[in-house]
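Participant: coords below, sequence missing:
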């Protein structure tokens, strides 16, 4: 019975693995959140930032360390001048450098602030990567829409070509209309192939952000969605000034420079060395303790202090510079965001329907013989152009929101 149970367990396990593979293979596509998660894990630059963070943490460990003691041993052969007796002599000493507490404290705080700056730098890169993945995702969606439009146009043109061939053979249309229809069919086929190629290229661009972790023919799941609410510029600016990783990073770096300045000031008073020793000579044994205290008479680290002060001033100025640059970038991207919203309103409030209605009328007019082929083709081009601009506007609103998230440091 036990053997049968084991065989049954193995069969069930194999069936589970097979079903899991089938489910994985049947996966229709990746959502934008899944792609962002893959990018944050697989993007090659993330490994660099993680290594920098580990290195900064190691600097903190080094800054907390105490100086090592030093052991000294000396052995000689000696002879007493009074008795002539020969006897071995030796001395043993142990020295311990004692660092000034303030100096060690500020060195540790400087290293911790430096590690905090690296963490904020990593957060800023995550924001940048999220924004780039979103733009690449919506670029694929835009190109897929272009493929769908081009494919539908190719189908319509092929049907039109058949209709024109019938009308020319029946003598209802001149010969040159057939030539125009054939040329239009070639153009439609070329546009369709170009659109397909753009999908392949944009898919490769997205996969590069993921460290090429996906297969070349991976698919995506998603659609263009209009924002449910409009953002306000004042709220975005306030949010960014408080939470943007670049500002927080600059603040950490300024703190590190401040601690460095205090460390240099504390270093005016040099470290002392405490030494304990014992020794034996030919005629005596000795024990003792010595204390070594350097006197900062000539060298008082004025150059290092001045340099540290200048670095601190520069770091504080960098905070103001970043605030100004972020304010400009946020205002610029916010205007792009408003422009994209206005364009969407224009299309959805009538322009798209007008172009569609104009195409319907032109098609009906051509089929009834009331207008020529050129009029119908022109109406079709206007409709395709309007539809392409509509999809482009949808892409631009998504891209502007992704860029806003990048420059604001996340959206409130």
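Facilitator: It's in. As the structure is a computational prediction, the values presented were derived from the model and not from experiment. Numbers count the residues shown, from 1 in each chain.
Participant: what packs against the lengthiest helix in the chain?
Facilitator: Ranked by residue count and defined by DSSP state H, the top helix of the chain is helix 101-169. In terms of contacts (3 or more CB pairs under 8 Å, 6 or more residues apart in numbering; DSSP states H and E), helix 101-169 is packed against helix 32-42, helix 44-64, helix 175-209, helix 245-266, helix 373-408. Yep, even glycine has a C-beta here, placed from its N, CA and C like the rest.
Participant: residue ranges with poor pLDDT in the protein?
Facilitator: By pLDDT under 70, the low-scoring segments of the chain are 1-28, 76-88, 282-283.
Participant: mind redoing it with 50?
Facilitator: Along the chain, the parts satisfying pLDDT under 50 run over 1-26.
Participant: Dump the helices and strands packed on helix 101-169 into a markdown table; add mean neighbour count and distance to residue 131 as well.
Facilitator: Output for the helices and strands packed on helix 101-169, formatted as a markdown table (neighbours: other CB atoms under 10 Å; distance: least, CB to CB, whole Å):
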| stretch | mean neighbour count | distance to residue 131 |
| --- | --- | --- |
| helix 32-42 | 17 | 10 |
| helix 44-64 | 14 | 14 |
| helix 175-209 | 16 | 10 |
| helix 245-266 | 21 | 13 |
| helix 373-408 | 19 | 4 |
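Participant: nearest to residue 143, of those helices?
Facilitator: Among the helices and strands packed on helix 101-169, the nearest to residue 143 by CB to CB is helix 175-209 (4.5 Å).
Participant: tell me the angle of that closest one relative to helix 44-64?
Facilitator: Relative orientation of helix 175-209 versus helix 44-64 (axes from the mean of the first three to the mean of the last three CA atoms, to 10 degrees): 20 degrees.
Participant: I'd like the next helix or strand past helix 175-209.
Facilitator: helix 233-243 (DSSP states H and E).
Participant: now that next one, how far from the centre of its chain.
Facilitator: Averaging C-alpha positions (CA atoms, centre = their mean, to the nearest Å) puts helix 233-243 20 Å from its chain's average.
Participant: Check stretch 51-71 too.
Facilitator: Computed by CA atoms, centre = their mean, the chain-centroid distance of stretch 51-71 equals 29 Å.
Participant: Please list the outside residues in contact with that stretch.
Facilitator: 92-97, 99, 104, 107-108, 110-112, 114-115, 117-119, 121-122, 271 (CB atoms under 8 Å, 6 or more residues apart in numbering).
Participant: Could I get the helices and strands packed on helix 101-169 in JSON lines, plus columns for distance to residue 136?
Facilitator: Formatted as JSON lines, these follow (distance: least, CB to CB, whole Å):
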{"stretch": "helix 32-42", "distance to residue 136": "8"}
{"stretch": "helix 44-64", "distance to residue 136": "15"}
{"stretch": "helix 175-209", "distance to residue 136": "4"}
{"stretch": "helix 245-266", "distance to residue 136": "21"}
{"stretch": "helix 373-408", "distance to residue 136": "10"}
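Participant: Out of those, which is closest to residue 310?
Facilitator: Nearest of the helices and strands packed on helix 101-169 to residue 310, taken as CB to CB: helix 245-266 at 9.2 Å.
Participant: could you list every residue that touches the closest residue in space to residue 355 that isn't next to it in sequence?
Facilitator: Among residues not flanking residue 355 along the chain, residue 386 sits closest, at 3.9 Å (CB to CB, 6 or more residues apart in numbering). Shown in contact with residue 386 (CB under 8 Å, 6+ apart): 347, 351-352, 355.
Participant: Residue 373 versus residue 386, what's the distance?
Facilitator: Separation of residue 386 from residue 373 (CB to CB, to the nearest Å): 20 Å.
Participant: Likewise for residue 231?
Facilitator: Between residue 231 and residue 373 the distance is 48 Å, computed by CB to CB.
Participant: quick one: which of the helices and strands packed on helix 101-169 is nearest residue 318?
Facilitator: Closest of the helices and strands packed on helix 101-169 to residue 318 is helix 245-266, at 5.2 Å (criterion: CB to CB).
Participant: what is the orientation angle of the closest one with helix 233-243?
Facilitator: Here the directions of helix 245-266 and helix 233-243 differ by 30 degrees (the same axes, to 10 degrees).
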